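Colleague: Just to be clear, the model below is a prediction. Sequence and coordinates:
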Amino acid sequence: MQLDVLILGAGAAGLLAARDLAQAGRRVLVLEARSRVGGRIHTLPAEAGFSAPTEAGAEFLHGDVPLTRQLLGSYGIGWQATAGTTYAVTQGQAEEAAAFLDEMPLLLERLYQLPQDMPLADFLTQYFPGSEYAHLRRQATSFAEGYDAADARRVSSFALREEWSGTGAEDSPRPVGGYIGLVEGLVREVQAAGGRLELTAQAVSIKWQPGRVEVTSQDGRLFAAARLLITVPLGIWQAEAAQPGYVAIHPELPEHRAAARALGYGPVIKVLLEFQQPIWQQLSPQLRQPLPGAGFLFSDAPIPTWWSQQPGTQPLLTGWLAGPAAEQRRLTPAADLLTEALESLAYLLDTAPEYLRQQLRAHQVVNWAADPLALGAYAYPTLEAIENRTILATPVAGTLFVAGEGVYSGPYTGTVEAALATGKAAAQQILQTE
């Protein structure tokens with residue numbers, strides 16, 4: 001069968017584009033390198049040892065995310081608001097925390113005085129020098145690195161200013177049953193419209209000329225179509241030729257590659273710890289600093305950020321490490337990361353790591369930075385990000401198209417919504433090009 005469109009990647013962007021194109025009557029084949037769909041959406045099923053579906057990748061709905069919510073609603077999937085007490089633990093002492101950044105008003109005031117964009121680290125050094133602002137500098141850096149998975153030496157101060165101006169009003173619920181429901185809904189719609197998916201088909205080479213594309217997979221299979229939509233993660237675009245995940249393009253697209261490498265793409269490590277019961281809730285001889293009703297937890301531990309499933313009842317704590325700290329552990333074995341996570345949590349709860357290990361029911365370390373098919377977790381805005389995203393997303397000769405959260409410009413950077421929006425836009429581009 002002669003294909004109209006090949007799509008690389010069965011993540012949110014690729015699947016939504018495939019659905020729209022197939023429903024418009026185009027013959028579509030989605031090539032996915034993994035043995036599963038979803039990409040950086042990865043809901044672990046209960047049979048993986050956890051007592052309920054557990055998110056190894058994307059987990060929250062950040063803000064209004066209209067397209068995401070519309071799709072979930074159309075598939076009959078609801079969402080549940082997060083709940084619980086937010087704690088901060090510093091030097092081993094826990095207290096309830098009212099805000100992510102104590103001095104946000106002052107920080108925003110100075111950010112709005114900034115005449116031109118600069119990396120956050122430079123802004124903090126120039127506008128908040130001296131020991132009296134050391135706490136503010138640490139907090140702002142930790143927030144950018146932890147929440148945005150950003151490198152403070154590269155992330156845009158202007159972009160953070162826009163993001164932080166909205167902090168506090170953001171609603172971050174979870175899809176009931178996990179994001180897998182959205183992925184499965186899209187797959188059903190793709191297949192119902194005649195689109196096809198091919199798993200374990202990792203692209204290693206793209207050869208193209210106007211009006212024809214050939215993709216070669218790692219196992220030597222050849223796929224051809226009139227057009228190609230590339231929705232691989234930004235880390236794959238940024239990869240060097242010797243790296244796993246690299247996709248060769250002939251003729252090469254040097255401007256696209258350069259634009260991709262100028263963009264920010266953050267590493268994330270998630271540590272999923274499910275216990276026999278929510279042991280962190282109550283004082284016990286083994287646990288001297290309980291955190292009753294904990295929702296989110298921010299700390300000075302090596303694995304600094306944690307959250308529960310509140311108001312859900314699954315006795316799961318998720319540890320989160322992002323940005324440069326995660327990059328430093330890109331090659332750290334999972335067993336060592338688990339040990340570090342248990343030691344961090346033991347410090348927060350004033351207990352012994354051995355006690356926590358004994359209470360574990362299931363656990364998994366998910367190192368997105370080390371994943372050769374992702375090479376990171378999600379994009380963050382660097383200086384001139386809009387210009388570079390525009391270059392990367394620019395179609396080539398009406399034949400090659402690009403989508404994915406890495407090329408998104410708007411209020412939902414780094415989210416599933418960003419991926420969906422670019423997939424939808426790319427499908428329209430392809431249809432209008434014909």
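Modeller: Here it is on my side, so go on.

Colleague: can you give me the strands in the stretch 51-200 of the chain?
Modeller: 54-55, 79-80, 85-90, 93-96, 174-175, 196-198 (DSSP state E, counting those that start in this stretch).

Colleague: Dump those into a markdown table; add mean neighbour count as well.
Modeller: Glycine gets a C-beta too; all of them are placed from N, C-alpha and C. Formatted as a markdown table, the strands of the stretch 51-200 of the chain follow (neighbours: other Cβ atoms under 10 Å):
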| stretch | mean neighbour count |
| --- | --- |
| strand 54-55 | 23 |
| strand 79-80 | 16 |
| strand 85-90 | 18 |
| strand 93-96 | 12 |
| strand 174-175 | 23 |
| strand 196-198 | 16 |
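
Colleague: okay if I get those as TSV plus mean pLDDT and distance to residue 120?
Modeller: Written out in TSV, the entries for the strands of the stretch 51-200 of the chain read as follows (pLDDT from 0 to 100; distance: least, Cβ to Cβ, whole Å):
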stretch	mean pLDDT	distance to residue 120
strand 54-55	98	28
strand 79-80	96	31
strand 85-90	93	21
strand 93-96	92	26
strand 174-175	97	29
strand 196-198	98	40
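
Colleague: Please identify which of these is closest to residue 273.
Modeller: Go through the strands of the stretch 51-200 of the chain one by one with Cβ to Cβ and the one that ends up closest to residue 273 is strand 54-55, at 10.3 Å.

Colleague: Nearest approach to residue 320 belongs to which of the strands of the stretch 51-200 of the chain?
Modeller: Across the strands of the stretch 51-200 of the chain, residue 320 has its closest neighbour in strand 54-55 (11.5 Å, Cβ to Cβ).

Colleague: nearest to residue 264, of the strands of the stretch 51-200 of the chain?
Modeller: Nearest to residue 264, of the strands of the stretch 51-200 of the chain and by Cβ to Cβ, is strand 54-55 at 22.9 Å.

Colleague: neighbouring strands for that closest one, and are they parallel or not?
Modeller: Each strand paired with strand 54-55, and its direction, by DSSP bridges: strand 43-44 (antiparallel).

Colleague: what does the partner strand contact?
Modeller: 50, 53-57, 177-180, 272, 364 (Cβ atoms under 8 Å, 6 or more residues apart in numbering).

Colleague: Tell me the one of those nearest residue 264?
Modeller: Proximity of these to residue 264 (Cβ to Cβ) peaks at residue 57, which lies at 18.6 Å.

Colleague: okay, now that closest one: neighbour count?
Modeller: Residues within reach of residue 57, counting by other Cβ atoms under 10 Å, total 24.

Colleague: cool, and residue 23?
Modeller: Residues contacting residue 23 under the criterion other Cβ under 10 Å number 16.

Colleague: Same question for residue 336.
Modeller: Neighbours of residue 336 under the rule other Cβ under 10 Å: 11.

Colleague: Quick check: it is in a helix.
Modeller: Yes: membership of residue 336 in a helix is supported by DSSP: H, G, I helix; E, B strand; the rest coil.

Colleague: Can you give me the pLDDT of it?
Modeller: Turning to residue 336, the model gives it a pLDDT of 98.

Colleague: Tell me which of the strands of the stretch 51-200 of the chain lies nearest to residue 4.
Modeller: Ranking the strands of the stretch 51-200 of the chain by proximity to residue 4 (Cβ to Cβ) places strand 196-198 first, at 11.9 Å.

Colleague: so the residue nearest to residue 233 when sequence neighbours are not counted is in which element?
Modeller: Leaving aside its sequence neighbours, residue 233 sits nearest to residue 374 (Cβ to Cβ, 6 or more residues apart in numbering; 5.0 Å). Assigned by DSSP states H and E, residue 374 belongs to no helix or strand.

Colleague: Provide a list of residues in contact with residue 374.
Modeller: 39-40, 233, 235-236, 245, 368.

Colleague: What of residue 258?
Modeller: Residues near residue 258 by Cβ under 8 Å, 6+ apart: residue 391.

Colleague: I'd like the mean pLDDT over the helix or strand hosting it, please.
Modeller: Assessed by DSSP H and E, residue 258 sits inside helix 254-262. Averaged across helix 254-262, pLDDT comes to 98.

Colleague: Could you give me the buried positions within it?
Modeller: Within helix 254-262, the residues scored as buried using 16 or more other Cβ atoms under 10 Å are 256-257, 259-260, 262.

Colleague: before we move on, what about stretch 40-51?
Modeller: Result for stretch 40-51 [16+ other Cβ under 10 Å]: buried residues 40-44, 50.

Colleague: Put the alpha carbons of it into CSV.
Modeller: In CSV, the C-alpha atoms belonging to stretch 40-51 read as follows (Å, rounded to 0.1, in the frame of the first residue of the first chain):
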residue,chain,number,x,y,z
ARG,A,40,7.2,9.8,27.7
ILE,A,41,3.7,9.0,28.8
HIS,A,42,4.2,5.7,30.6
THR,A,43,1.6,4.4,33.0
LEU,A,44,2.8,1.3,34.8
PRO,A,45,-0.1,-1.2,35.2
ALA,A,46,-1.0,-2.6,38.5
GLU,A,47,0.5,-6.0,37.5
ALA,A,48,3.9,-4.3,37.5
GLY,A,49,3.9,-4.8,41.3
PHE,A,50,2.1,-1.6,42.2
SER,A,51,-1.4,-1.7,43.7
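
Colleague: circling back: mind putting the buried residues of helix 254-262 into CSV with distance to residue 144?
Modeller: As requested, the buried residues of helix 254-262 are exported to CSV (distance: Cβ to Cβ, whole Å):
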residue, distance to residue 144
256, 27
257, 26
259, 22
260, 21
262, 18
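
Colleague: tell me which of those is nearest to residue 318?
Modeller: residue 260 (29.4 Å).

Colleague: Hmm, the closest one is touching residue 238, no?
Modeller: Yes: Residue 260 is within contact range of residue 238, at 5.3 Å (criterion: Cβ atoms under 8 Å).

Colleague: Tabulate the contacts of strand 43-44 (JSON lines), appending distance to residue 82.
Modeller: Output for the contacts of strand 43-44, formatted as JSON lines (distance: Cβ to Cβ, whole Å):
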{"residue": "50", "distance to residue 82": "19"}
{"residue": "53", "distance to residue 82": "16"}
{"residue": "54", "distance to residue 82": "15"}
{"residue": "55", "distance to residue 82": "13"}
{"residue": "56", "distance to residue 82": "18"}
{"residue": "57", "distance to residue 82": "17"}
{"residue": "177", "distance to residue 82": "16"}
{"residue": "178", "distance to residue 82": "14"}
{"residue": "179", "distance to residue 82": "15"}
{"residue": "180", "distance to residue 82": "19"}
{"residue": "272", "distance to residue 82": "17"}
{"residue": "364", "distance to residue 82": "21"}
